[in-house]
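*Asks:* One predicted model, sequence on top.
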Amino acid sequence: MNEALLTLGFALVTASILALSAVAFTLQYAVTNVANVSHGEILTVGAYAAYLVHQRTGSAVAAAIGAALAGGFAALAMHSAVIGPFIRFGATPTIIFIATLGMSFVIQNTLVIFFGAANVAYTLDPGAPMHLGPFLLTPLDLQIIASAIAITFVLYLIISRTKFGKALRAVSQNRELARVTGINATRVAAATFFLAGLIAGYAGFILAESVGSFNPYFGFSFFLITLTAAVAGGLGKAFGTMIGAVLVGIILEFAGGYISASYNLAFAFALLAIVILVRPRGLFTNARRTVFE
Amino acid sequence: MMEAVPSPHRGEGEGEGTKPATGASAPVLEVEKLTAGYGGPPVISGVTIEARRGAITAIVGPNGAGKSTLLKAIAGLIRPTEGSVKVKGADVTGLPAEKLVSKGLAYVPQVANVFPELTIRENLDMGGYSRKDGVRERIEELFKLFPDLAASSQRKAHTLSGGQRTMLALARGLMVDPAVLILDEPSAGLAPKFQGLIWERIEEIRSTNVAVLVIEQNTRETLRHAQWAYVLVLGENRLEGPGQELLDDEEVVNLYVGRLS
């Protein structure tokens, strides 16, 4: 069996989770022009919600829905309580960036207070690994990949076809013009955060499943990888971000597989540094920053 | 010599006491003693203007006179600190921009006035965002007024020429059937050929009973089209009168229009 192809199979799982996390992050960036550093905490909240729902109901589907909803409301709260008001008062992106960093610590430590800082084991039965062409994947892996593709497709339809999707793009391209066009930019941004939160919360659930455990800091370290993917793909661009996520996922998995997985974060940062040096606007961008170009 | 505000009319004029020459209707936009700025000292203070349906009302004045600030304050992008804005008789002072659209006020900014990555049709869809219905029908109506846009409705706005982009911006503003259309330098940066075309369109829009409020760099051309014009200097009303008369006034030309504009 070709080891490289096996690794590629695992990379697809990582890439799927990363793609969902990164697209959620990039959507938030698109409508606010602010990098939400507490994005990772949406995944963490999703993981805890999934775990709690799963304990009570015994249903993975209920856990997935619980994770998504918890993520959605967490992101909506982040926008309504912190990011939105800062934007209304005319704060610069740097100030809001710092505020979201603070929010990240607040959420992490709140989770520590309620659940403790220890790792929570959370494993679903992945099923027996199967050979699929050159890949060796479990049914759980396949579910993760399939769900990421399905979510991406639905998101694409929402953004490209619906009135809300057009308004989202309008706000991301020119917030002031959107407002004089009659679009309530704050409301569109809030709805976008909710949508992004649903996706990120679900991503937290499948990340926890695939890692097998989580703790209050688990989303934050994944956020750093998410950031790499989003910057590589072009911040604020949904399509570019997804391709960036797949590339970063594959690179990390290969670096992990052939060197050592303990250096994953280091690899991610090295990659981020290279991208920022070589293509600061992202790998697939022209000068303009937009969603679903 | 023209009188200074507050007494609004030309001293020696006979017969142009009606304001503007075209209409006896009540003004659809009434801006009274408006003061606004960006947090520091006010950029405009105590500015009073009116605009009527079926007329082009111009605001001219030297650079830094506060023309764009006045438009932004009227359009709800900055909050006035004093004074009032009424549209169709209703007080809309301090309402945010997105709410003013449904009150009948459409604002077309000078630059970045279309959504670059949306298609022409999507731009118009967004123009009709606050409409409850009739978006499709309104787009078809506007395509008759702007046939160029109809021909390339699936093109993204950033691929359009400057003139076409301005046309799209006008059409976007018209999607809501506004009572007042506010234009911030619609012909700025366009080739002379396009400037003429833009003015043709603006005249057509005016003839559909819309009140057009416009500021322009090209003061001479603007005054030629304006039924009524206000001269703004250092953020305050200085003079006003029918555009053509201001244009004929040696002193206005010397002071505010310039010989070669």
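*Replies:* Structure's in. What do you need? Residues are numbered from 1 along each chain as shown, chains lettered A, B, ... in the order given.

*Asks:* how about low-confidence regions in chain B?
*Replies:* Scanning chain B for pLDDT under 70 picks out B:1-25, B:255-261.

*Asks:* one more time with 50
*Replies:* Segments of chain B classed as low confidence (criterion: pLDDT under 50) are B:1-23, B:260-261.

*Asks:* Would you mind listing what in the stretch 151-261 of chain B touches chain A?
*Replies:* Taking CB under 8 Å from any CB of the partner chain as the contact definition, the stretch 151-261 of chain B meets chain A at B:158, B:172, B:176. Just so you know, the C-beta spots here come from the backbone N, C-alpha and C atoms, and that holds for glycine as well.

*Asks:* Now for the first one, how many residues are close by?
*Replies:* The number of residues packed around B:H158, counting by other CB atoms under 10 Å in any protein chain shown, is 15.

*Asks:* quick one: pLDDT of the closest residue to chain B within the stretch 151-293 of chain A?
*Replies:* Going by CB to the nearest CB, chain B is nearest to A:G182 of the stretch 151-293 of chain A, at 3.4 Å. pLDDT, A:G182: 93.

*Asks:* B:F146 is in contact with B:L170, isn't it?
*Replies:* Yes: using CB atoms under 8 Å, B:F146 makes contact with B:L170 at a distance of 7.5 Å.

*Asks:* neighbour count winner among the two?
*Replies:* Comparing B:F146 with B:L170 by other CB under 10 Å, the one with more neighbours is B:L170, at 24 against 19.

*Asks:* can you give me the end-to-end distance of stretch B:30-49?
*Replies:* 6 Å (CA to CA, to the nearest Å).

*Asks:* Do a quick rundown of the helices in the chain.
*Replies:* Since you didn't name a chain, this refers to chain A. A:3-32, A:39-57, A:60-78, A:84-88, A:93-115, A:139-161, A:163-173, A:175-180, A:185-211, A:218-233, A:238-258, A:264-278 (DSSP state H).

*Asks:* other chain: chain B
*Replies:* B:67-75, B:97-100, B:120-127, B:135-145, B:147-151, B:162-174, B:192-207, B:219-225, B:243-248, B:250-252.

*Asks:* buried residues in the fifth one?
*Replies:* Spelled out, it's helix B:147-151. Residues B:148-149 are the ones in helix B:147-151 that count as buried (16 or more other CB atoms under 10 Å in any protein chain shown).

*Asks:* quick one, what contacts the closest residue to A:L235 other than its chain neighbours?
*Replies:* Leaving aside its chain neighbours, A:L235 sits nearest to A:Y29 (5.2 Å; criterion: CB to CB, 6 or more residues apart in numbering or on different chains). Residues counted as contacts of A:Y29 (CB atoms under 8 Å, 6 or more residues apart in numbering or on different chains) are A:35-36, A:230, A:235-236.

*Asks:* cutoff 10 Å now
*Replies:* The contact partners of A:Y29, taken as CB atoms under 10 Å, 6 or more residues apart in numbering or on different chains, are A:35-36, A:39, A:93, A:172, A:196, A:230, A:235-237, A:241, A:289, A:291.

*Asks:* Buried ones among those?
*Replies:* Among the contacts of A:Y29, those scoring as buried are A:35-36, A:39, A:172, A:196, A:230, A:235-237, A:241, A:289, A:291 (criterion: 16+ other CB under 10 Å).

*Asks:* Please identify which pair of those lies farthest apart.
*Replies:* A:H39 and A:R289 (17.9 Å; CB to CB).

*Asks:* that older thread, go through the contacts of A:Y29 and say which is closest to B:P41.
*Replies:* For those, the nearest to B:P41 is A:P93 (26.6 Å; CB to CB).

*Asks:* Model confidence at the closest one, what's the number?
*Replies:* At A:P93, the pLDDT recorded in the model is 87.

*Asks:* Spatially, what comes nearest to it if we skip its sequence neighbours?
*Replies:* A:V34 is the one closest to A:P93 (CB to CB, 6+ apart), at 5.2 Å.

*Asks:* now swap in A:L283 and tell me
*Replies:* Closest to A:L283 by CB to CB, 6+ apart is A:A232, at 5.5 Å.

*Asks:* Need the residues that contact stretch A:54-68.
*Replies:* Residues from elsewhere that reach stretch A:54-68 (CB under 10 Å, 6+ apart): A:42-43, A:45-53, A:122, A:124-125, A:140, A:143, A:147, A:151, A:197-209.

*Asks:* Derive a ChimeraX selection command for the buried subset of these.
*Replies:* Buried residues among the contacts of stretch A:54-68 (16+ other CB under 10 Å), as a ChimeraX selection:
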select /A:42,43,45,46,47,48,49,50,51,53,122,124,140,143,147,151,197,198,199,200,201,202,203,204,205,206,207,208,209
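
*Asks:* give the contact list for residue 174.
*Replies:* Chain wasn't specified; assuming chain A. A:N174 touches A:180-181, A:185, A:290, B:109, B:112-117, counting by CB under 10 Å, 6+ apart.

*Asks:* that answer is for a different chain, and I need it for chain B
*Replies:* Counted by CB under 10 Å, 6+ apart, B:L174 has contacts B:106, B:108, B:124, B:127-128, B:138, B:141-142, B:145-146, B:181, B:201, B:205, B:208, B:210.

*Asks:* same check, this time on A:L177
*Replies:* Counted by CB under 10 Å, 6+ apart, A:L177 has contacts A:170-171, A:183, A:185, B:97, B:107-109, B:111-115, B:123, B:126, B:169, B:172.

*Asks:* before we move on, back to that, tell me, how many residues neighbour the residue nearest to A:P93?
*Replies:* 22.

*Asks:* swap in A:S213?
*Replies:* A:S213 has 13 nearby residues by other CB under 10 Å.

*Asks:* One more: A:L132?
*Replies:* 11.

*Asks:* so who does it touch?
*Replies:* By CB under 10 Å, 6+ apart, the neighbours of A:L132 are A:9, A:141-142.

*Asks:* ok so, going back, with respect to chain A, which of the contacts of B:L174 is nearest?
*Replies:* Closest to chain A, out of all of the contacts of B:L174 and judged by CB to the nearest CB, is B:G127, at 5.9 Å.
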